[in-house]
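Chemist: following is a predicted model, sequence given first.
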Amino acid sequence: MGGGSTNAVPIVSKIYCSTSLTTLMIRKRPNVVNGGGFVVTDCSHNIVFIVDGCGMLGAKGELMVRDCDGASLLFLRKKGGIIQALSTHNRWNGYSMDYQGTNKLLFSLTDPKPCLATRSAIRIQVEPKSHSKDCDFEVDGSFTDRACVIIDRRGNIAAQVGVEMMGNKDFYHVMVQPGYDQAFVIGVIAVLDNIYGESTAC
């Protein structure tokens, strides 16, 4: 598998697609109610993104990614209803947020339910859907061990999660390859965090 892409792959916005490798530091937000979320900084400790969990938003299965000024960028919602209950996968939808509060579906993430005997990969489909039945991205590895990658459909690594301090999984890093949308990557990380009952989950 290669790493990186020479062309920008904007999903939330092209302003979050850097031309160079970017390392983002993620720290669980301290001293807040359950489901408080986490803060994302650059290597100079400047806040880049803020993720609010259900404890901050007041609703289970809802997450918000904000920019450094606190403006809403990405609203993430776990799909419910009877069809979802009967499905073998949990589905999350990621919506863009604008200044008027309206939103547009940007991507969906499907997570195999724990009851499945063989747990398949977490898959991500970007909207609008391509003609191909293949997913656009997959998560490979163990998020709980902070050892996973987000891979695009060509097998390129878009982002890689790793532990920053030995034994401290509340503080870790995400390396985003050139051209990939950092806000989208953080949105995926927020959903993974919630799926595995970590800082955003109530």
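Modeler: Now that the structure is in, tell me what you want to look at.
Chemist: where does the chain have low pLDDT?
Modeler: 1-6, 30-34, 81-89, 99-102, 113-120, 129-134, 164-167 (pLDDT under 70).
Chemist: ok, now with 80
Modeler: Where the chain drops to pLDDT under 80, the residues are 1-7, 29-35, 80-89, 98-102, 112-120, 128-135, 164-169.
Chemist: just the helices in it please.
Modeler: Under the criterion DSSP state H, the chain carries helices at the ranges 54-57, 82-86, 182-195.
Chemist: and residue 201, how many neighbours?
Modeler: A count of nearby residues for residue 201, using other C-beta atoms under 10 Å, gives 18. Quick note: C-beta positions are derived from backbone N, CA and C, even for glycine.
Chemist: thought it was touching residue 190?
Modeler: No - in this structure residue 201 lies outside contact range of residue 190 using C-beta atoms under 8 Å: 10.5 Å.
Chemist: return the residues in contact with the residue nearest to residue 188 when sequence neighbours are not counted.
Modeler: Excluding its sequence neighbours, the residue lying closest to residue 188 (C-beta to C-beta, 6 or more residues apart in numbering) is residue 150, at 6.0 Å. Taking C-beta atoms under 8 Å, 6 or more residues apart in numbering, we find residue 150 in contact with 124, 137, 138, 139, 157, 158, 159, 160, 185, 188.
Chemist: please name the bridge partners of residue 150.
Modeler: On the basis of DSSP bridges, residue 150 is bridged to residue 139, residue 159.
Chemist: run through the strands of this protein in chain order.
Modeler: With DSSP state E as the criterion, the chain has strands at 22-28, 37-41, 47-52, 62-67, 72-78, 89-97, 103-112, 122-126, 137-142, 147-152, 157-165, 168-176.
Chemist: out of the ones you listed, nearest to residue 195?
Modeler: Distance to residue 195, taken as C-beta to C-beta, is lowest for strand 103-112 among the strands of the chain, at 5.5 Å.
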